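A.B. asks: What follows is a predicted structure for the sequence shown.
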Amino acid sequence: LLYDDEFQLAKEQNPENFRIDYALSREQENKNGGKMYIQDKVEEYADEIFAKLDNGAHMYFCGLKGMMPGIQDMLAGVCEGKGIDYNEFIK
C-alpha cells in the first residue's frame, strides 16, 4: 500500500488524532456485496466525516478523475439524507 509505513507511524505517534481505514476494491466488499471503493468508506463514516467538515475539516481525494462521479453521487446522497443542500455544501 502506498505510504502505509508513513501512515502507520503517524497513527502510532498520534493515536487520538489519526485513524486509518482502507478501501481495497480487489480484496473487500461493500455493504451491497460489490467492490469496496472510497465512496463506500466515506459513506460508512458519513456522520463522523460531516461533523468534522462542519467544524472546519477539509477532505481531499487523490486518484483517477474517473472516480469522482461516484464520490460526488455518494456525497449528494448523504447530503440529501441529512437535509443539506449539496450545491452549497461543495462550495
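C.D. replies: Noted; the coordinates are in hand.

A.B. asks: so the residue positioned nearest the centre of the chain is in which element?
C.D. replies: Centrality entry for the chain: nearest residue to the mean C-alpha point is Val42, 3.0 Å, by Cα atoms, centre = their mean. Val42 belongs to helix 38-44 when assigned by DSSP states H and E.

A.B. asks: what packs against that helix?
C.D. replies: helix 68-82 (3 or more Cβ pairs under 8 Å, 6 or more residues apart in numbering; DSSP states H and E). From N, CA and C alone the C-beta is placed, and that goes for glycine too.

A.B. asks: just to revisit the earlier point, next helix or strand past the helix holding Val42?
C.D. replies: With secondary structure assigned by DSSP H and E, helix 38-44 is succeeded by helix 46-54.

A.B. asks: And the average pLDDT for that next one is what?
C.D. replies: For helix 46-54, the mean pLDDT works out to 90.

A.B. asks: For the residue nearest to the centre of the chain, which residues are in contact?
C.D. replies: By Cβ atoms under 8 Å, 6 or more residues apart in numbering, the residues touching Val42 are 49, 59, 71, 74-75, 78.
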